[in-house]
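Participant: My questions are about this predicted structure, shown below with the sequence.
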Amino acid sequence: MTIETLAKEFEHEVGTTRNHLERLPADKLDWRPHRKSFTVRGLASHIVECVGWADAVLGRAEVDINPATYKSFEAGSTADLLSAFDGKVAEGGWAGALDAASQPATAAANTYAGLTSPL
């Protein structure tokens, strides 16, 4: 898959994801299909949050998702979801991440909780 293909697919998925977020009923955000499942709000918030991870995942040698310091996004409403989603897309983190992904891999290592693995 080329960088151009990945960028085109991202643009398509942005539109599809936004359409789904727009259709979430505000009065059903706390619904969950099972008591062990995410709520609609929690799952949609996670999807929105993932859009902002591109630069961190593709463009950096390390990603810090330490639960002691990381604060996940939780939307208060459908409007909050859409606003955050649009903001993350507009930040353009994907452009830099795609550019970084096109560069040769380095021998840098990621470390977390004392574990080291090569990139």
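Facilitator: Noted; the coordinates are in hand.

Participant: Which stretches in the chain count as strands?
Facilitator: With DSSP state E, the ranges of strands along the chain come out as 109-112, 115-118.

Participant: From what I see, V63 and A56 are in contact.
Facilitator: Yes - between V63 and A56 there is a contact under CB atoms under 8 Å: 4.9 Å. Where C-beta positions appear, they are placed from N, C-alpha and C, glycine not excepted.

Participant: Okay, R32 and R41: tell me how far apart.
Facilitator: 9 Å (CB to CB, to the nearest Å).

Participant: and what of T16?
Facilitator: As judged by CB to CB, T16 and R41 stand 20 Å apart.

Participant: more crowded one of those two?
Facilitator: When T16 and R41 are compared for neighbours, R41 comes out ahead with 22 against 9, by other CB atoms under 10 Å.

Participant: Give me the spatial nearest neighbour of that one, chain neighbours excluded.
Facilitator: L29 (4.0 Å; CB to CB, 6 or more residues apart in numbering).

Participant: And that neighbour, its phi and psi?
Facilitator: The phi/psi pair for L29 (degrees, to the nearest 10) reads phi -70, psi -20.

Participant: what sits against it?
Facilitator: Applying CB atoms under 8 Å, 6 or more residues apart in numbering to L29 gives the contacts T39, V40, R41, A44, A75, S77, T78.

Participant: can you pull the contacts of L82?
Facilitator: So L82 contacts R18, L21, E22 (CB under 8 Å, 6+ apart).

Participant: Could you export those residues as a markdown table, including distance to G52?
Facilitator: Output for the contacts of L82, formatted as a markdown table (distance: CB to CB, whole Å):
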| residue | distance to G52 |
| --- | --- |
| R18 | 15 |
| L21 | 15 |
| E22 | 19 |
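
Participant: could I get these as a markdown table with pLDDT, neighbour count and distance to D86?
Facilitator: Shown next, in a markdown table, are these (pLDDT from 0 to 100; neighbours: other CB atoms under 10 Å; distance: CB to CB, whole Å):
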| residue | pLDDT | neighbour count | distance to D86 |
| --- | --- | --- | --- |
| R18 | 96 | 16 | 8 |
| L21 | 96 | 18 | 10 |
| E22 | 96 | 11 | 11 |
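
Participant: Looking at those residues, which are in helices?
Facilitator: Taking DSSP state H, the ones among the contacts of L82 that sit in helices are R18, L21, E22.
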